[in-house]
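[1] Pasted the sequence and its predicted model underneath.
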Amino acid sequence: TPFMFLLVAQIIIFILGWPLEWTEIIVIFVPIFLPLLDHFGIDPLFFGLLIALNIQTSFLSPPVAMAPFYLKGVAPKEVSINDIFAGVMPFIFIVLIAMALLYTFPAIGMWLPSYLYGR
């Protein structure tokens, strides 16, 4: 089903976001999913929006969490990595809620492209 395909694809991309940068995910793994979009009747733009949100979430979340470690490199010494993770957690939940809303109501993310390109 389209739901199961989106769920599995997003889980794979989320897990790949821990060890890999976004460029590797986009160049290597997204082309694997593209032929399946037509089969399941999923708009590629919608899929791309979900991927963008998913990659952002994976960069913020443990165990690897590249973004907090980048921030730790420029933060003052008194700011610990635990403080950074505590500050990042609300944003992870916000992005997860945004992904759920986007999946439930695709028009949230598709209205501007529809307006601009007449899709």
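    The structure has been received and is ready for your questions.

[2] How much space separates the spatially most central residue of the chain from Leu60?
    The C-alpha lying nearest the average C-alpha coordinate of the chain belongs to Asn54 (CA atoms, centre = their mean; 1.2 Å). Distance, Asn54 to Leu60, by CB to CB, to the nearest Å: 11 Å. (C-beta placed from N, C-alpha, C; glycine too.)

[3] Past the helix-or-strand element of the chain with minimal mean pLDDT, which element shows up next along the chain?
    The weakest-scoring helix or strand in the chain, judged by mean pLDDT, DSSP states H and E, is helix 66-74 (a mean of 86). Helices and strands here follow DSSP states H and E; after helix 66-74, the next one along the chain is helix 81-104.

[4] and that next one, C-alpha only, in CSV?
    Output of helix 81-104 as CSV, limited to C-alpha atoms (Å, rounded to 0.1, in the frame of the first residue of the first chain):
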residue,chain,number,x,y,z
ILE,A,81,26.4,18.3,24.8
ASN,A,82,23.6,17.2,27.2
ASP,A,83,22.4,20.8,27.3
ILE,A,84,22.3,20.9,23.5
PHE,A,85,20.4,17.7,23.3
ALA,A,86,17.9,18.9,25.8
GLY,A,87,17.4,22.0,23.7
VAL,A,88,17.1,20.0,20.5
MET,A,89,14.4,17.6,21.7
PRO,A,90,11.4,20.0,21.4
PHE,A,91,12.4,20.7,17.8
ILE,A,92,12.5,17.0,17.0
PHE,A,93,9.0,16.6,18.2
ILE,A,94,7.9,19.7,16.2
VAL,A,95,9.3,18.3,13.0
LEU,A,96,7.7,14.9,13.7
ILE,A,97,4.4,16.6,14.2
ALA,A,98,4.9,18.5,11.0
MET,A,99,5.6,15.3,9.1
ALA,A,100,2.5,13.7,10.5
LEU,A,101,0.4,16.8,9.5
LEU,A,102,2.0,16.9,6.1
TYR,A,103,1.2,13.2,5.5
THR,A,104,-2.4,13.6,6.9
